[in-house]
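A.B. asks: Kindly return the folded structure for what I paste below:
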Amino acid sequence: MNRRTLLSSGVGLAAAMIPGPLAPTAVARPRREEPVRFQLSAPNGPYPLGTISLHLTDTARPDPWVPSRPCRELMISIWYPARGKATRPSVPWMPPEAADRYLSLLGLPPGRVRLGHTHGREGAPVGGPSSLLPVVLYSPGAYASRSFGTGIVEDLASHGFVVVTVDHTYDAAAVAFPGGRVETNPAGGISDYAKALAVRTADIRFVLDRLAVLRSGGHPGVHRTPLPPGLSGALDLRRVGMLGHSLGGATTAATMLTDGRITAGASLDGGAAGPVVDAGLDRPFLVVDTPGKGGMENNPALRTFWSHLRGWRLHLTVRGAAHQSFGDDVLILPLIAPLLGMSPHDLEQDVGTIPGHRAQAFQRAYPRAFFDLHLRDRGRLLDGPSPDFPEVGHAR
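C.D. replies: Have a look, this model is predicted:
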């Protein structure tokens, strides 16, 4: 895992949050320049969006990264189709306290980069289809915030899924908790990725437990944040999928091995590690990678994992993509690369040569097609190559 640039190690902006040689270049920029602004385009589903963030505490588990903390704390966001007019405020793309910490670690002065808002309305009533809604979990890459999958997440929710995004505290570069507290990487980052995988797997299983509490009418969180009307009755926990980028993809596979509640999993340029490599899985799994390093061609563990998949499987390779092409970072990084002193070559190493709008089109079409197929039993995009996506190669 390379922290050389902003989005290295499969994680988005967070990787460059580790103080390093990029910071002086960013600090040297004049304050009088207009701020760089990032704003996601609206999702294309038929439903408006609602979202709520919740603080969860696992009192049965001391924090594995900071032993002085007697319990494991997580922040999650739940995204869902909403109903009614957009009268509630939209939530920021990243919680302001976390965004401020990110940008300060980059060496950027306040106000130099504005990360904009999402299309999710905080606490809006649940809408969408009249039936129960399938649930998808999202795990980001190492050092990354749950915010970096917002484009994918918004698209899924706008088409009638409930999506739960997870910040893996102390693995993520910065996590904002209620009251303004921000937790960052101990000593600047993690290096034990086997441990990180085990911690993340436990995190996801705990989140599933709390979703069951929510479904039964209880409150899953710590602070009793008011829940959106209709949320507890909307979750179909018999149809649960999981999606992750980089280490989040490996987390998806590892969690599926230990928890049968997850029906189908998808990995966006993630590897495979731990017992699942040799054990394989008997449920649907989608592997998405690039022709470059870390892909199936160059990753023996991923090839072994692939050979042991016994259920429905599909391997997609996205030509022109690089490791950071599978989240919002593919749109953010080109905007702020000049502030970080990144050369065109370095930028291409991170986001590839695929145009940002094509990367975004892939993100919106293929994860949804996978979960439509395996959680709703509909859709044909994954049957074979599509003329609408000539850059996508298929292998069974």
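A.B. asks: going forward, measure contacts and count neighbours with C-alpha atoms only.
C.D. replies: OK.
A.B. asks: hey, where'd the strands end up in the stretch 51-200 of the chain?
C.D. replies: 72-81, 90-92, 113-114, 117-122, 133-139, 162-167, 174-176, 182-184 (DSSP state E, counting those that start in this stretch).
A.B. asks: Using TSV, lay out those together with mean neighbour count and distance to L49.
C.D. replies: As requested, these are arranged in TSV below (neighbours: other Cα atoms under 10 Å; distance: least, Cα to Cα, whole Å):
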stretch	mean neighbour count	distance to L49
strand 72-81	24	5
strand 90-92	19	9
strand 113-114	18	22
strand 117-122	22	5
strand 133-139	26	14
strand 162-167	27	10
strand 174-176	26	22
strand 182-184	18	26
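A.B. asks: mind listing what's buried in stretch 295-312?
C.D. replies: G295, M296, A301, L302, R303, T304, F305, W306, H308, L309 (16 or more other Cα atoms under 10 Å).
A.B. asks: Looking at the residues you listed, which one is closest to G128?
C.D. replies: Nearest to G128, judged by Cα to Cα, of the buried residues of stretch 295-312 is L309 at 33.8 Å.
A.B. asks: mind checking how far that closest one is from H323?
C.D. replies: To H323, L309 is 23 Å away according to Cα to Cα, to the nearest Å.
A.B. asks: Over to R72?
C.D. replies: Taken as Cα to Cα, the span from R72 to H323 is 30 Å.
A.B. asks: what does G120 give?
C.D. replies: Taking Cα to Cα, one finds G120 at 27 Å from H323.
A.B. asks: Next: A212.
C.D. replies: Counting by Cα to Cα, the gap from A212 to H323 is 34 Å.
A.B. asks: pLDDT at P109, what is it?
C.D. replies: As predicted, P109 sits at a pLDDT of 76.
A.B. asks: Quick one: end-to-end distance for stretch 320-331.
C.D. replies: 15 Å.
A.B. asks: what mean pLDDT would you report for it?
C.D. replies: Stretch 320-331 comes out at a mean pLDDT of 95.
A.B. asks: Report all helices and strands that the strand or helix carrying Y366 contacts.
C.D. replies: Using DSSP states H and E, Y366 falls within helix 356-376. Applying 3 or more Cα pairs under 8 Å, 6 or more residues apart in numbering; DSSP states H and E, one finds that helix 356-376 contacts helix 150-158, strand 235-245, strand 264-268, helix 329-336.
A.B. asks: how about these in TSV, adding mean neighbour count and distance to S139?
C.D. replies: Shown next, in TSV, are the helices and strands packed on helix 356-376 (neighbours: other Cα under 10 Å; distance: least, Cα to Cα, whole Å):
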stretch	mean neighbour count	distance to S139
helix 150-158	26	11
strand 235-245	23	5
strand 264-268	28	10
helix 329-336	21	15
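A.B. asks: Nearest to V136, out of the ones you listed?
C.D. replies: The nearest among the helices and strands packed on helix 356-376, by Cα to Cα, is strand 235-245 at 4.5 Å.
A.B. asks: The closest one vs strand 264-268, what angle?
C.D. replies: In terms of direction (axes from the mean of the first three to the mean of the last three Cα atoms, to 10 degrees), strand 235-245 departs from strand 264-268 by 20 degrees.
A.B. asks: quick one: contacts of strand 235-245?
C.D. replies: 10-11, 132-141, 162, 212, 215, 249-252, 261-270, 326-327, 367, 371, 375 (Cα atoms under 8 Å, 6 or more residues apart in numbering).
A.B. asks: just stretch 297-310 next, same as before
C.D. replies: 271-273, 276-283, 285, 291-293, 295-296.
A.B. asks: which among the residues you listed end up buried?
C.D. replies: Of the contacts of stretch 297-310, these count as buried by 16+ other Cα under 10 Å: 271-273, 276-278, 280-283, 285, 291-292, 295-296.
A.B. asks: Just give me the closest of these to R200.
C.D. replies: For the buried ones among the contacts of stretch 297-310, the nearest to R200 is A273 (12.7 Å; Cα to Cα).
A.B. asks: Which residues does the residue lying closest to S53 once chain neighbours are set aside form beta bridges with?
C.D. replies: Closest residue in space to S53, ignoring its immediate chain neighbours: S77 at 4.2 Å, by Cα to Cα, 6 or more residues apart in numbering. Counting by DSSP bridges, S77 is bridged to S53, T165.
A.B. asks: Quick one: neighbours of the closest residue to I354 other than its chain neighbours, just the number.
C.D. replies: In space, and not counting its chain neighbours, I354 is closest to G320: 4.7 Å by Cα to Cα, 6+ apart. A count of nearby residues for G320, using other Cα atoms under 10 Å, gives 18.
A.B. asks: Tell me the secondary structure of G320, please.
C.D. replies: Under DSSP: H, G, I helix; E, B strand; the rest coil, G320 falls in the coil class.
A.B. asks: Got phi/psi on it?
C.D. replies: Here is the backbone geometry of G320 (degrees, to the nearest 10): phi 90, psi -10.
A.B. asks: Settle it for me: which of A212 and H323 has more neighbours?
C.D. replies: H323 (30 against 18).
A.B. asks: Hmm, the more buried one is touching D269, no?
C.D. replies: Yes. Assessed by Cα atoms under 8 Å, H323 is found in contact with D269 at 6.4 Å.
A.B. asks: what's the closest non-adjacent residue to V126?
C.D. replies: Distances taken as Cα to Cα, 6+ apart put A82 closest to V126, at 4.4 Å, once the chain neighbours are dropped.
A.B. asks: tally of neighbours for that neighbour?
C.D. replies: Counted with other Cα under 10 Å, A82 comes out at 28.
A.B. asks: what do you get for P62?
C.D. replies: 15.
A.B. asks: just to revisit the earlier point, enumerate every residue touching the residue nearest to I354.
C.D. replies: T290, G352, T353, I354, E391.
A.B. asks: you'd agree the second one is up against V318?
C.D. replies: In this case it means G352. No. Contact status for G352 versus V318: not in contact, 10.2 Å apart, counting by Cα under 8 Å.
A.B. asks: In contact with E34, which residues?
C.D. replies: Neighbours of E34 in contact, by Cα under 8 Å, 6+ apart: R112.
A.B. asks: same thing but at 6 Å, please
C.D. replies: Contacts for E34 were tallied using Cα atoms under 6 Å, 6 or more residues apart in numbering; there are none.
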